[in-house]
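A.B. asks: Below are the sequence and a predicted model; questions follow.
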Amino acid sequence: MAYWLEESLETGERIKLGDPFFDLRVAKVIASQRAQRVGRVIVVSDALAREIARYEPSGTPGAKSVQRMRAGVPQPILSRKTGA
């Protein structure tokens, strides 16, 4: 399935950006990075124009996002002591 990135302008109008992505994870990562870089809301939508995810310029996904994904956030390394 194709996933499009759309940029929300100050007027409320949305414009499609480039070619579609065929991997949802890639589309979400690119949308998140672009939102932070350009300072505008970026929406990921599917081929039926349904909103899949919304990324705010602050780096947090919008409240209406179906799934949230954090890209580039380091995860803590948990270590266990082994009994020897």
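C.D. replies: Arrived safely, thanks for sending. Since the model is a prediction, treat every value here as computed from it, not as a measurement. Residues are numbered from 1 along each chain as shown.
A.B. asks: quick one: average confidence on stretch 58-78?
C.D. replies: For stretch 58-78, mean pLDDT is 53.
A.B. asks: And the strands in the protein?
C.D. replies: 3-8, 14-21, 42-46, 51-55 (DSSP state E).
A.B. asks: Any chance of those strands in CSV with mean pLDDT, distance to Ala27 and mean neighbour count as columns?
C.D. replies: C-beta: built from backbone N, CA, C; applies to glycine. Output for those, formatted as CSV (pLDDT from 0 to 100; distance: least, Cβ to Cβ, whole Å; neighbours: other Cβ atoms under 10 Å):
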stretch, mean pLDDT, distance to Ala27, mean neighbour count
strand 3-8, 95, 4, 19
strand 14-21, 93, 4, 13
strand 42-46, 94, 5, 22
strand 51-55, 93, 8, 21
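A.B. asks: mind checking which of these is nearest Ser32?
C.D. replies: Among the strands of the chain, the nearest to Ser32 by Cβ to Cβ is strand 51-55 (4.8 Å).
A.B. asks: Who are the packing partners of that closest one?
C.D. replies: With contacts taken as 3 or more Cβ pairs under 8 Å, 6 or more residues apart in numbering; DSSP states H and E, strand 51-55 sits against helix 24-38, strand 42-46.
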